[in-house]
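>>> I would like the atomic coordinates for the input below:
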Amino acid sequence: MLRLQSIMFVSFGLVLLATTAGCPPAAEGEGEGEGEGEDCSIGVVDVDRTVSPDECAFYTASENLIVRDGATLTLAAGTDVRFSRSFGFVVDGGRVVANGTADDPIVLRSIDADADPGSWIGLTVLPSAVSTTLSFVRIQDGGQLITTNRGCLTNDALTTSVTDSVFANCSQSGAHADQPFAAFAGNAIVDSDVGLNLVPDAVASIEDVVTVENVLHHAVHGSDEFTTTATWITQPLPWVFERSLVIANADNSPVLTLQSGAVLQFARGFGIDVGSGRPGGLVAVGTEEAPITLQSSDPAAAAGAWSGVAFFVTTLPASTLSHVNILDAGQPVTGHDGCLTLGNTTAGTVSVTDCTFTRCAQAGVAVNGDNASFGAFARNAITDSDSGLFMNANTIGSIEDVVTMTNVPFNSIDTTNVNTDATWVAQTIPWRVRDNLNVPGTVSAASLTIQGGTFLFNRSFAFRVGIVGPGALQATGTTFASQDPMAVAGSWAGLSLAANVTSVTLTNVSVQQAGQGVTGIHAGITLDRTEGTVTIDNPTFANNAQADVFVDCDSTPTLTNMGAAVVVNEPGCAP
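Numbering: from 1, shown residues only. Below is the predicted model:
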């Protein structure tokens with residue numbers, strides 16, 4: 001029956017704002033109860049006291065109403081307390097029990113007729129409060145800006161319970177909290193600057209959807225660390241963050257779950273950090289119909305308006321983004337290299353599926369950890385961004401399919417050692433390779449399969465197989481060329497197949513603008529003491545310096561359908 005009453009009370013509360021918020025103070029003698037001369041003022045409460053409409057039609061607080069240590073103030077259903085400007089209701093070590101009903105709510109409001117928001121301070125529950133219970137209570141016109149108060153209700157105690165209540169015509173916020181609520185359900189916020197304004201851990205204490213009317217957003221303030229495993233109920237308004245949301249705690253290993261449809265907005269310089277130095281995890285699973293949206297709080301936001309989402313080294317396993325839209329992120333702050341950044345996490349810790357990354361500075365998705373990789377990465381899209389994927393070579397193998405790219409010029413490969421067996425799916429935009437690409441980059445064996453696509457190299461760098469450890473390469477329908485838009489012959493080094501090659505098969509590949517004369521490179525493709533099996537079939541070559549293929553005396557490749565390729569053998573070797 002409580003929820004039905006809650007709905008009835010919210011409807012009543014919206015009407016009450018129009019019918020009673022502007023009630024003028026009673027004339028002298030008006031509002032007195034059955035006992036003539038009854039005192040209807042209220043101030044400091046240091047012994048147990050009960051007030052009710054049976055005594056006075058309304059009570060006047062012309063000073064701060066303070067409930068002190070050891071005292072209990074009980075407000076009966078229908079009690080109406082009106083506060084003078086610059087005064088408020090403070091629970092300081094005492095206890096307040098305010099239980100109204102749907103038909104007889106308790107009202108706390110300004111004494112002024114036609115009161116503006118912030119006409120009095122509001123209700124402040126200090127950390128010393130024993131407990132505060134508000135049920136079917138209407139607090140309106142509060143939120144006057146002073147040091148300790150930040151809305152119609154300011155809660156700093158863990159024992160505060162608020163149910164089926166209304167906050168209306170509030171300055172600063174409807175309800176502000178630096179501690180989680182003991183209970184917060186069935187409530188409404190109306191005609192206020194901000195709805196809820198909470199620390200991260202308090203957001204999880206909101207048990208259901210808060211009814212709002214003429215409120216722009218909720219806010220998250222203060223401490224940026226989320227420390228307890230919890231789920232945030234999706235609200236019909238966005239959460240605006242004044243600082244970064246850091247999901248990490250050494251004692252509790254928190255995991256934050258966001259429900260479908262959630263909207264989180266961040267100010268410039270801030271974002272979401274998961275597992276930053278301490279364990280933490282994020283599970284954000286939306287749906288196609290109700291995705292989760294992470295974006296800037298700036299209505300005129302452009303790429304890089306906030307830092308984005310980053311997973312760091314102590315991210316907990318099973319962290320997941322699914323049906324999440326990240327927009328206008330990638331501001332270059334420490335640890336953030338795009339809308340989404342994967343740091344040096346344990347391989348397979350983070351899964352990203354069915355997500356979109358839009359207007360991203362730096363990159364749509366970046367991986368700056370040497371050995372990081374995704375648990376899953378599929379059906380994602382990047383749009384209108386500086387670059388698409390910014391990856392280390394070991395991560396590319398965890399990209400499961402073609403990433404949809406719209407108005408994105410290129411992908412980038414940063415750390416360029418392939419140290420594990422991998423298959424690279426062909427992408428629709430080229431990869432820019434920033435250094436030598438090595439298979440493998442260590443003495444351990446690695447085998448790489450490239451299913452197509454284009455790889456563009458910087459000057460003086462090469463694609464090297466078997467230089468350090470046993471390496472294998474299979475590439476089909478792949479183009480290797482220079483990233484210089486004015487490239488000429490020899491603008492990059494080329495493919496180097498070295499002594500530790502176990503096998504190489506190149507089918508329908510294209511090698512262009514290679515053959516720069518660096519140590520050990522003699523053509524677009526150079527075989528140098530390559531004792532493993534090398535097969536090159538139906539290649540195309542264009543604008544290579546020195547030669548298209550160089551074969552030294554120790555190498556015996558199988559070359560078929562070479563067309564007009566220029567093949568040069570090391571002097572003194574049989575052709």
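>>> Distance check, the closest residue to Pro180 other than its chain neighbours against Ala175.
Computed as CB to CB, 6 or more residues apart in numbering, the closest residue to Pro180 that is not its neighbour in sequence is Ser205, at 3.8 Å. Any C-beta I mention is one placed from the backbone N, CA and C, and that applies to glycine too. Relative to Ala175, Ser205 is positioned 11 Å away (CB to CB, to the nearest Å).
>>> Return every residue with contacts to both of the two.
Phe184 (CB atoms under 8 Å, 6 or more residues apart in numbering).
>>> Give me the contact list for stretch 222-235.
Among residues not part of stretch 222-235, those counted as contacts by CB under 8 Å, 6+ apart are 178, 195-196, 199-201, 203-204, 206-210, 212, 218, 242-249, 251-262, 270, 280, 290.
>>> Which among the residues you listed count as buried?
Neighbour-count burial within those applies to 178, 195-196, 199-201, 203-204, 206, 210, 212, 218, 243-249, 253-262, 270, 280; the criterion is 16 or more other CB atoms under 10 Å.
>>> who's in contact with Thr558?
533-537.
>>> Would you mind putting these into JSON lines with secondary structure, pLDDT and distance to Gly469 alongside?
Converted to JSON lines, the contacts of Thr558 look like this (DSSP: H, G, I helix; E, B strand; the rest coil; pLDDT from 0 to 100; distance: CB to CB, whole Å):
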{"residue": "Thr533", "secondary structure": "strand", "pLDDT": "96", "distance to Gly469": "17"}
{"residue": "Val534", "secondary structure": "strand", "pLDDT": "97", "distance to Gly469": "17"}
{"residue": "Thr535", "secondary structure": "strand", "pLDDT": "98", "distance to Gly469": "21"}
{"residue": "Ile536", "secondary structure": "strand", "pLDDT": "98", "distance to Gly469": "22"}
{"residue": "Asp537", "secondary structure": "strand", "pLDDT": "98", "distance to Gly469": "26"}
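>>> Of those residues, which is the most crowded?
Ile536 (25 neighbours; other CB atoms under 10 Å).
>>> Is that residue bridged to anything, and to what?
Assessed by DSSP bridges, Ile536 has beta-bridge partners Leu506, Leu559.
>>> In this structure it contacts Val549, no?
Yes - Ile536 is in contact with Val549 according to CB atoms under 8 Å; the separation is 7.0 Å.
>>> about what we covered before: out of the contacts of stretch 222-235, name the ones that lie in strands.
When DSSP state E is applied, the contacts of stretch 222-235 are split such that 196, 212, 218, 245-247, 255-258 fall in strands.
>>> Just send the residues you listed back as a markdown table, with distance to Val408 and pLDDT too.
Formatted as a markdown table, the entries for the ones in strands among the contacts of stretch 222-235 read as follows, by distance: CB to CB, whole Å; pLDDT from 0 to 100:
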| residue | distance to Val408 | pLDDT |
| --- | --- | --- |
| Leu196 | 37 | 98 |
| Val212 | 37 | 98 |
| His218 | 33 | 98 |
| Leu245 | 27 | 94 |
| Val246 | 30 | 93 |
| Ile247 | 29 | 94 |
| Val255 | 32 | 96 |
| Leu256 | 30 | 96 |
| Thr257 | 31 | 97 |
| Leu258 | 26 | 98 |
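>>> Can you spell out the domain ranges of this protein, please?
Using automatic domain parsing, the domains assigned to the chain come out as 1-222, 224-415, 418-575.
>>> Can you name the element that comes right after the helix or strand where Ser351 lies?
Assigning secondary structure by DSSP states H and E places Ser351 in strand 350-353. Beyond strand 350-353 in the direction of the C-terminus, DSSP H and E gives the next helix or strand as strand 356-358.
>>> Run the chain-centre distance for the strand holding Ser351.
For strand 350-353, the distance from its own C-alpha centre to the chain's C-alpha centre is 13 Å (CA atoms, centre = their mean, to the nearest Å).
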